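J.: sequence unknown, structure follows:
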(Lines give C-alpha, C1' and ligand atoms only; values in the text may rest on other atoms or scores of the structure.)
Protein backbone atom coordinates (compact mmCIF):
# COMPACT_ATOMS: atom_id res chain seq x y z
CA UNK A 1 0.00 0.00 0.00
CA UNK A 2 2.94 2.31 0.65
CA UNK A 3 4.16 1.96 -2.95
CA UNK A 4 0.66 2.77 -4.19
CA UNK A 5 0.58 6.05 -2.26
CA UNK A 6 4.07 6.96 -3.49
CA UNK A 7 3.00 6.38 -7.09
CA UNK A 8 -0.23 8.34 -6.63
CA UNK A 9 1.72 11.15 -4.93
CA UNK A 10 4.21 11.31 -7.78
CA UNK A 11 1.39 11.40 -10.33
CA UNK A 12 -0.37 14.20 -8.44
CA UNK A 13 2.85 16.23 -8.13
CA UNK A 14 3.61 15.75 -11.85
CA UNK A 15 0.05 16.75 -12.77
CA UNK A 16 0.32 19.94 -10.70
CA UNK A 17 3.78 20.72 -12.12
CA UNK A 18 2.68 20.24 -15.74
CA UNK A 19 -0.47 22.28 -15.11
CA UNK A 20 1.61 25.11 -13.68
CA UNK A 21 4.12 24.97 -16.53
CA UNK A 22 1.26 24.96 -19.07
CA UNK A 23 -0.39 27.92 -17.38
CA UNK A 24 2.87 29.91 -17.35
CA UNK A 25 3.62 29.02 -20.98
CA UNK A 26 0.15 30.01 -22.17
CA UNK A 27 0.36 33.25 -20.17
CA UNK A 28 3.69 34.10 -21.82
CA UNK A 29 2.38 33.28 -25.30
CA UNK A 30 -0.70 35.48 -24.76
CA UNK A 31 1.47 38.29 -23.41
CA UNK A 32 3.82 38.17 -26.40
CA UNK A 33 0.82 38.06 -28.73
CA UNK A 34 -0.74 41.20 -27.21
CA UNK A 35 2.62 43.03 -27.20
CA UNK A 36 3.01 42.17 -30.89
CA UNK A 37 -0.49 43.49 -31.65
CA UNK A 38 0.14 46.76 -29.78
CA UNK A 39 3.54 47.20 -31.43
CA UNK A 40 2.01 46.57 -34.85
CA UNK A 41 -0.73 49.14 -34.27
CA UNK A 42 1.83 51.70 -33.08
CA UNK A 43 3.98 51.00 -36.14
CA UNK A 44 1.04 51.42 -38.55
CA UNK A 45 -0.08 54.67 -36.89
CA UNK A 46 3.47 56.06 -36.93
CA UNK A 47 3.89 55.04 -40.58
CA UNK A 48 0.67 56.76 -41.62
CA UNK A 49 1.58 59.87 -39.63
CA UNK A 50 5.02 60.00 -41.24
CA UNK A 51 3.55 59.71 -44.74
CA UNK A 52 1.16 62.57 -44.03
CA UNK A 53 4.06 64.72 -42.80
CA UNK A 54 6.03 64.00 -45.98
CA UNK A 55 2.99 64.87 -48.12
CA UNK A 56 2.57 68.30 -46.45
CA UNK A 57 6.03 69.55 -47.44
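T.: Done, it's in. Given the structure is predicted, the values throughout are model-derived calculations rather than measurements.
J.: Now for residue 5, how many residues are close by?
T.: Using other Cβ atoms under 10 Å, residue 5 has 9 other residues around it. To be clear about C-beta, it is placed using only N, CA and C from the backbone, and glycine gets the same treatment.
J.: Could you report the pLDDT at it?
T.: Per-residue pLDDT puts residue 5 at 94.
J.: name the element it belongs to?
T.: With secondary structure defined by DSSP states H and E, residue 5 is part of helix 2-56.
J.: And that helix, how far out from the chain middle?
T.: 0 Å (Cα atoms, centre = their mean, to the nearest Å).
J.: Let me see the contact set for residue 44.
T.: Applying Cβ atoms under 8 Å, 6 or more residues apart in numbering, we find residue 44 in contact with no residue.
J.: Residue 46 versus the residue nearest in space to the middle of the chain, what's the distance?
T.: Using Cα atoms, centre = their mean, the residue of the chain that lies closest to the mean C-alpha position is residue 29, 2.0 Å off. Residue 29 sits 26 Å away from residue 46 when distances are taken as Cβ to Cβ, to the nearest Å.
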